[in-house]
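Undergrad: No letters, just coordinates:
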């Protein structure tokens, strides 16, 4: 041990002796009681944190269930719409005789020949 190390140890010993004069005799009992109370509080906080985690997990599960149900309703509606329009589209495509109409020609569009659908000025 160096000379400075010895001085540090001596200083710490003197400081401890001076502090012992000002510390009451039952200080250890108070510290143990405080330590026990802090341990109880820490356990209570841990229990509350666990309950909060469980609550958030339950809320998240509920939210995901609601979103899934909404998506199922939308999918059901889209399936009904598709089941109506897919056959109609097939029939419209097959009713046109070969060579008589072109899908890209604007003269076969309903709005181009209808008198009710004239362009606006």
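TA: Cool, got the structure. The model shown is predicted, which means the values in this text are computed figures rather than measured ones.

Undergrad: Select the longest helix from the chain.
TA: helix 27-95 (DSSP state H).

Undergrad: That one - what's its average pLDDT?
TA: Average pLDDT, helix 27-95: 93.

Undergrad: how far is it from where the chain is centred?
TA: 8 Å (C-alpha atoms, centre = their mean, to the nearest Å).

Undergrad: Do you know the pLDDT at residue 3?
TA: pLDDT, residue 3: 67.

Undergrad: try residue 107
TA: 56.

Undergrad: ditto for the one 5 residues further on
TA: Reported pLDDT at residue 112 in the predicted model: 51.

Undergrad: do residue 100 as well
TA: 56.

Undergrad: quick one: the spatially most central residue of the chain from residue 41, how far?
TA: For the chain, residue 60 is the residue whose C-alpha lies nearest the centre (C-alpha atoms, centre = their mean; 7.8 Å). Residue 60 sits 28 Å away from residue 41, going by C-beta to C-beta, to the nearest Å. C-beta here means a position set from N, CA and C on the backbone, and glycine is covered the same way.

Undergrad: Residue 64 now?
TA: Relative to residue 41, and taking C-beta to C-beta, residue 64 is found at 35 Å.

Undergrad: ok, now residue 73?
TA: 48 Å.

Undergrad: On the three-state scheme, residue 25 is what?
TA: Three-state assignment for residue 25 (DSSP: H, G, I helix; E, B strand; the rest coil): coil.
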